[in-house]
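Chemist: need a structure here:
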Amino acid sequence: MKKLLLVPVVLCFALASCGGPSEADKILEVQSYTQIMKSGTDFSDPVHGKGVGFYYGAVSGTEGVNANGIAYIHVFEDGASTVTVNLNIELPASGTKYVAYVQDSAGTTSLKVGEMKSIVGDVRHSVKLETKENASKTLSVKVRREGRGESVLVAEGTMKVPAATK
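Modeler: Model (predicted):
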């Protein structure tokens, strides 16, 4: 009797091992991104030189919007800046997109970072802007859902200088 029970179990394992990767399991595309991250007290970029400023801050959804993320700015000695915004937020409805902006605290100077993209098709959205302008005065982050004739604020945050490490 025990041998009879063993046969269906062995057959199940054999069938499971015969299946190869499905079409959904295949890698469709591989993309590589260079990301400059602060490490220690000094950082540099091969193009722009030594880093002279680093700012970061949390980005949260506005009332009724479930979103969270981080934004940061690297400022380099040649005056260039790299602005990055990463946000976890639901995919935008058809005909709309998420666009990130940074602005000064008074709201007089604004810089469009760009349209946020979900590289893998889920809630993770990101955008990066490399500019020759010094973005250290634009520390307020605004993410808007744009399209269909509307522009709605869906997430915001404020960046700051990191606390000194001891």
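Chemist: As a check, name the ranges of all helices in this structure.
Modeler: In the chain, the helices defined using DSSP state H lie at 2-18.
Chemist: Can you list the buried residues in the strand ranked longest in it?
Modeler: Looking across the chain with DSSP state E, the single longest strand is strand 49-61. Across strand 49-61, burial judged by 16 or more other C-beta atoms under 10 Å covers 51, 54-57, 59, 61. Every C-beta, even on glycine, is put in place using the N, C-alpha and C of the backbone.
Chemist: what's the answer for stretch 125-138, then?
Modeler: 125-129, 134-136, 138.
Chemist: Tell me which helix or strand in this protein has the weakest average pLDDT.
Modeler: Every helix and strand of the chain was ranked by mean pLDDT, DSSP states H and E. The lowest is helix 2-18, at a mean of 62.
Chemist: ok so, going back, please identify which of the buried residues of strand 49-61 is nearest to residue 78.
Modeler: Minimum distance to residue 78 across those is 10.6 Å, recorded for residue 51 (C-beta to C-beta).
Chemist: is the closest one in a bridge, and if so with what?
Modeler: residue 76 (DSSP bridges).
Chemist: Could you do the one 5 residues further on as well?
Modeler: Using DSSP bridges, the bridge partners assigned to residue 56 are residue 72, residue 160.
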